[in-house]
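>>> below are the sequence and a predicted model for it; my questions follow.
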Amino acid sequence: MEYILRLIGYIIIIFFNGLMYFFLHSHFYFTVLCLLVLAPFCSVALNFWLRKNIEIDILAASAGDDYVRTGQEAYFYIEVMNNTFAPSLDAKIRLKISNDFIERETEETIAVPVRIRGVYRVELPLRAELPGIITVSALSVRIKDLVGFVPLTKKLDSKASVTILPQDGFRLNYDRNVIESGMLESEESTKRGNDFSDVQEIREYIPGDKLMSIHWKLSAKRDILMVKDRVSMSDRQLVLMLELIKDPIRLDGILTAAYTAVKTLCEEHTTVRLFYWSMGRYDYEDVRIDYIEELKNAFAKMYYEKLYLNPEEGASHMREVHPEIKSYMHITSDGSDAVITLRDNG
Amino acid sequence: MARKKEKEPELILCEGIRLSDSFFEQKEKRILTLILKGFIVYLITMGGIGFYLSALDIKYNALLCHFVIFVMAIVCAMLYYSLTVENLGYAIVFILFAGLVYMFRDYINSGFYAIVNITIKASSEYLGTDVQRLYNEKITDRYVTVTFVSLFIGIVMDILFNVNISRRMKYVDTFLTVMFFNVIPLYIIMEPKLIYTLMLLIGMGMALVLKSGRHYNPLMQTKKKDTLYEIKRKKSVKRRELSYVYDVKTLAGAAGVAAVFVFIVVVAVSVFKPVETFNVGYEENQYKELTMAGVSLFMTDGFDGFYRGRGRDGGLKSGKLGDVSQITPDHQTDIIMQFTPYEPTGLYLKGFTGRKYLPYQNEWLGGADVRYDSSTPTEVKTPEADALERDFEAGKENTGKGVMRLKYIDNYTGTAYLPYYYTGTLEKSSGFYEISYFPRLSGNHTKVSVNDYPDGKPYTEEDLYVPEENIETIRSFISEAGLATATTPEVINGVMNYFQENIPYTVKPGRTPDNKDFVNYFLSENKKGYCAHFAASATLIFRYMGIPARYIEGYALSMEDVFNGELVEDKAYADYYEGYNAYGDTALVEVDVTDDDAHAWVEVFDSRYGWVVVDVTPSSGEVEEVDDFWSEFDKLTNGGNDEEGSDDGGTFGISDEAVKTVIYVLLGILLLIICGFFLSILVTKIMYRVKYLKAEPADRLVMYIAAKRRRFRGKDKSLKELINYRELITALAERAGVEADEGLIRLYERAGFSGTGISEAEFNEAVEGFEALLKAPVAKDEGEI
């Protein structure tokens, strides 16, 4: 409608200038008439040129850390690059902003300028309130020409993501006895980690092996990296199982509790096996975590899982799939808060 | 309890993702943008001024004008840095400007008149009209005065166009304003220099592009007034747009592209269609020709020409007196006269004869002696003509016979204006009426016998009638003039001398007040006037003194008018004049008799020569009363009373028909503006109501609370400033002494900031909650809030 009204207004202006020219037969009004007639064509031609050459990229960066926590700002950048002499004062970029993990998304429009032979950068600071992966995708751009008659649209295919981890700025208040009752053997395992007698076999290094597993002496002798494949002396380990339920608020509580618990244990040099139920594979994901970095990676990987409604879904398969696990820490939600309980798998 | 400033909630994009406030903390570069806008204003202003001056080839100090207008444009643009700067800055600029204008008023005034005079001359040349009046330039150095007036107009335009351009890029309004006066040179086929066409059109092109882009205006009215980004809401809160306010580099780039485009097109047009040959072989279109008469009138008389109307015979309206405040001839030709000049005296064409004066009605009863519009040609004869004809036929000295040809133009009265002393039949031939006449040449002593008049009565009682109402005034006049015991020639000469010495001639005597008599007012109060005043008064004075007299209206031509005429080549002198001619055998001359020649005089009966012309109007030293702006302004403030000592209480200024008309028109316009204002409010309210009813619940709630917020008055006025819903609801709750309802706050925040919207039930709940807070009695500790 805006464009039609502008066009009608412009035609009226041309008409009145035409009348003035007819009446006065003035060279000036003839010039004005030429300008008014030519301007839209020139403007549209420039706009086609611009559409062909415009490039729009979405970039992402986090503030300081590799990952962004809930409550922090995730910085996205929209770069509008134009190598032509055709500018636009109004280019509307259609963006899709989503958190794929919790399945929330919105479409927003942002109007930006297109500079002549230059780059315009928009900083888009998004504050994540829930964990997951925030993705900003540029879907299309609608470029208004200089006199504003013919907007041209170009499809875009650029996106960037930032992983949002739960907050870790507080200490977990947990029942130490509950945790410790499930971690005795694991602790023993950790303490005996350097004992060579616990090594089941020595093999060649495979990418992904931990640095601490490398047998440095042997590697030096053979001139090739060798690793020690450890085996736990016990069948009781600290197993932590969390539920990936669909309610985003409750899920945030569960993830925050899980993250905080694992992080606390890592800081105390305790190995944790993190379990969660994968609806896609219909099996458990079992991630061994010794370090904070492994915890972050585990969460980042977990964000690609599909959520489910049942808050006991994960626990319900444990006895069948992992009967060897005697007990485990179960993290779910009671409707408002996250709850950590020791579950006997017997 | 002091109210704590809360942070406005961040914009919710979707669940779990908000747009951080830091997005809105990015700043725009206002100064650079304002400079760009100032530059556009400079281009338009200087382009507009240069357009006019260069088209009419008026010399001035262009460099100084460019510099001052550029600096002023930038300064004015900078006033838009903030609302405070704008308000304060404009006040300072106006005071300084007014001071400078007052200081240099003579230069500005003279420069303005110089431009007007040059325009009038150029227009007259184009339209083929004579320059009838020029304004008096107090300072004659046009180079200086035109420079001054250009600076004055330039600064005014800078201020005006900054309002138009900086705020809203109103390029159409600006163009119309610039072209309002610049159409004048174009009308008379005078084109501006290329540089000024370029400046004006580049400025316009830039403004058009910026306006179309819609990203040029800072957020002056909002809290975050220097932010680079804003949220634009469209129709509903769900349809919003994150939008940049403006980017100076892009604005400059777009303006630059517009400038290059305009430059190329203008130069190309100038090359392929040069201005010098543009109108070669072109004939004016008929519509323009239709306007030329009106424009001619405007050029000669200004607006007076329109509102005073035409064809008023220079203020003489067939015996009607005192109806106009000033003589306003239309300078148009009323009669085309062909005759042979015979001696260096003036020539009178008699039309209306006033016989009976009606006091207070200010009118002479009488009429035309001869009409040219009668169905059958009438034979006309006067005893004076008969006597002169007899002497001419007898071959006496100083006698002659002429034939005059007259073409009456736009003479709606049908009065035939004829020379002294006409005789025969008024016949039409080749578009002209022809009449024979026997002039009483200098040195002619042809006697007219009383018996030559019908019934032996050369005059009637009417020719000696003086109304009772005028007797006292006339008696006083005669006493003052010392004519009580004078003879007839002494009376006539005495009156003429008295008028010449004591009563000045003026074309602007002022209108005779409604309750006053024309002659009495002239002789005893106003004591100034034009020919009708002198002739009417003299007629009554002569009558009072026993001299038969008549009031006559017609045209009086000087020999200068005659010599300005053109020879009629295909006519023989002998066919149009016989007898004595002081110039020898001349030729038939065609003279345009215009409104300027309209005149009134007196005919008195002389026992020897019959009815003879007595012209009592004193010679006028008044060339053209065109005052400057300041004296006109002074007159305006004095109620139009332009003569010191005038005791009419400013009546003619206010009662003048034209002034009244202007006042009525102004009042009408004012009334229209007031009606338009209220109508616009009504329309806005209706539109708002329609929008409100059609809006979705979330939008409706936003509109509802915005409307409520606007209505806070008195003690609650501070609540108006609380844009944040939380702040507003909390403040109202505190005022009522209750706890703020968090649910209610969240409902409003959801409606206002999230895209999820609210239901109809929630809308009702939110409205009820808010209304309850508004209606709740004020708690006693309200003052602490």
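Received it, and whenever you're ready, just let me know what you need.
>>> could you report the neighbour count for residue 43?
I went with chain A, as the question did not name one. Number of residues near residue A:43 (other C-beta atoms under 10 Å in any protein chain shown) recorded here: 23. Heads up, the C-betas are built off the backbone N, CA and C, glycines and all.
>>> you looked at the wrong chain, it should be chain B
Here the count is done by other C-beta under 10 Å, and residue B:43 has 27 residues near it.
>>> what pLDDT is listed against residue B:495?
On pLDDT, residue B:495 comes in at 92.
>>> let me see the contact set for it.
By C-beta atoms under 8 Å, 6 or more residues apart in numbering or on different chains, the residues touching residue B:495 are B:481, B:483, B:538, B:541-542, B:616.
>>> out of those, who has the most neighbours?
Of those, with other C-beta under 10 Å as the count, residue B:541 tops at 30 neighbours.
>>> so that one is in which element?
helix B:531-544 (DSSP states H and E).
>>> tell me what angle the helix or strand following that helix forms with helix B:531-544.
Later in the chain than helix B:531-544, the nearest helix or strand by DSSP H and E is strand B:549-557. Strand B:549-557 runs at 150 degrees relative to helix B:531-544, counting by axes from the mean of the first three to the mean of the last three C-alpha atoms, to 10 degrees.
>>> so what strands line up beside strand B:549-557?
strand B:347-358 (antiparallel), strand B:598-606 (antiparallel) (DSSP bridges).
>>> who's in contact with the last one?
Residues lying outside strand B:598-606 but in contact with it, judged by C-beta under 8 Å, 6+ apart, are B:313-316, B:329, B:334, B:348, B:353, B:458-459, B:463, B:492, B:531-532, B:534-536, B:538-539, B:542, B:547-556, B:611-617.
>>> at 7 Å instead, please
B:313-314, B:316, B:329, B:348, B:458-459, B:463, B:492, B:531-532, B:535, B:538-539, B:542, B:547-556, B:611-616 (C-beta atoms under 7 Å, 6 or more residues apart in numbering or on different chains).
>>> kindly report the same for the first one.
Contacts of strand B:347-358 with the rest of the structure, by C-beta under 7 Å, 6+ apart, involve B:318-319, B:364-369, B:415, B:417-420, B:462-463, B:465, B:467, B:536, B:540, B:550-557, B:593, B:601, B:613.
>>> pull out the buried residues from the longest strand seen in chain A.
Looking across chain A with DSSP state E, the single longest strand is strand A:152-165. Neighbour counts over strand A:152-165 (16 or more other C-beta atoms under 10 Å in any protein chain shown) mark A:152, A:154, A:156, A:158-165 as buried.
>>> picking that back up, give me the buried subset of the contacts of strand B:598-606.
B:313-314, B:316, B:329, B:348, B:458-459, B:463, B:492, B:531-532, B:535, B:538-539, B:542, B:547-556, B:611-616.
>>> pLDDT weak spots in the stretch 1-150 of chain A?
Within the stretch 1-150 of chain A, the stretches with pLDDT under 70 are A:62-66.
>>> redo that, cut-off 50
Along the stretch 1-150 of chain A, the model assigns pLDDT under 50 to residues A:63.
>>> ok, the stretch 251-400 of chain B next?
Along the stretch 251-400 of chain B, the parts satisfying pLDDT under 50 run over B:309-315.
>>> try it again at 70.
B:297-317, B:322-326, B:328, B:330, B:374-377.
>>> residue in it nearest to chain A?
Nearest residue of the stretch 251-400 of chain B to chain A, counting by C-beta to the nearest C-beta: residue B:253, 3.9 Å away.
>>> test my guess that that residue contacts residue A:86.
No. Here residue B:253 lies out of contact with residue A:86, judged by C-beta atoms under 7 Å, at a distance of 9.2 Å.
>>> quick check: the residue in chain B that chain A sits nearest to vs residue A:6, distance?
Closest residue of chain B to chain A, C-beta to the nearest C-beta: residue B:213 (2.5 Å). According to C-beta to C-beta, to the nearest Å, residue B:213 and residue A:6 sit 12 Å apart.
>>> run through the neighbouring helices and strands of the one helix or strand residue B:474 maps to.
Here residue B:474 sits within helix B:468-481, counting by DSSP H and E. If contacts are counted by 3 or more C-beta pairs under 7 Å, 6 or more residues apart in numbering or on different chains; DSSP states H and E, helix B:468-481 sits against helix B:488-502, helix B:518-520, helix B:531-544.
>>> TSV for those helices, including distance to residue B:113?
Compiled in TSV, those are given as follows (distance: least, C-beta to C-beta, whole Å):
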stretch	distance to residue B:113
helix B:488-502	32
helix B:518-520	35
helix B:531-544	29
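>>> which non-adjacent residue is nearest whichever residue of the stretch 1-150 of chain A sits closest to chain B?
Of all residues in the stretch 1-150 of chain A, residue A:89 sits closest to chain B, at 2.5 Å by C-beta to the nearest C-beta. Excluding the flanking residues, the one nearest residue A:89 by C-beta to C-beta, 6 or more residues apart in numbering or on different chains is residue B:213, at 2.5 Å.
>>> pretty sure that neighbour contacts residue A:90?
Yes. Between residue B:213 and residue A:90 there is a contact under C-beta under 7 Å: 5.3 Å.
>>> more neighbours: those two, which one.
Neighbour totals were compared for residue B:213 and residue A:90, and residue B:213 leads with 25 against 22 (other C-beta under 10 Å).
>>> what residues does stretch A:16-33 touch?
Contacts of stretch A:16-33 with the rest of the structure, by C-beta under 7 Å, 6+ apart, involve A:36, B:186-187, B:191-192, B:197, B:201, B:266, B:269, B:273, B:275, B:278-279, B:282, B:285, B:287-288.
>>> state the distance from residue A:102 to residue A:249.
To residue A:249, residue A:102 is 10 Å away according to C-beta to C-beta.
>>> pairing partners for the helix or strand harbouring residue A:140, with directions?
Using DSSP H and E, residue A:140 sits within strand A:132-143. Partners of strand A:132-143 in the sheet, by DSSP bridges, are strand A:88-99 (antiparallel), strand A:152-165 (antiparallel).
>>> any chance of those in JSON lines, with distance to residue A:31 too?
Output for those, formatted as JSON lines (distance: least, C-beta to C-beta, whole Å):
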{"stretch": "strand A:88-99", "distance to residue A:31": "25"}
{"stretch": "strand A:152-165", "distance to residue A:31": "29"}
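>>> who wins for proximity to residue A:115 among those strands?
Across the strands paired with strand A:132-143, residue A:115 has its closest neighbour in strand A:88-99 (9.1 Å, C-beta to C-beta).
>>> now do the contacts for the residue sitting nearest the centre point of chain A.
Most central in chain A under C-alpha atoms, centre = their mean is residue A:133, positioned 2.7 Å from the mean C-alpha point. Residue A:133 makes contact with A:99-101, A:161, A:163, A:303, according to C-beta under 7 Å, 6+ apart.
>>> now with 6 Å, please.
A:100-101, A:161, A:163, A:303 (C-beta atoms under 6 Å, 6 or more residues apart in numbering or on different chains).
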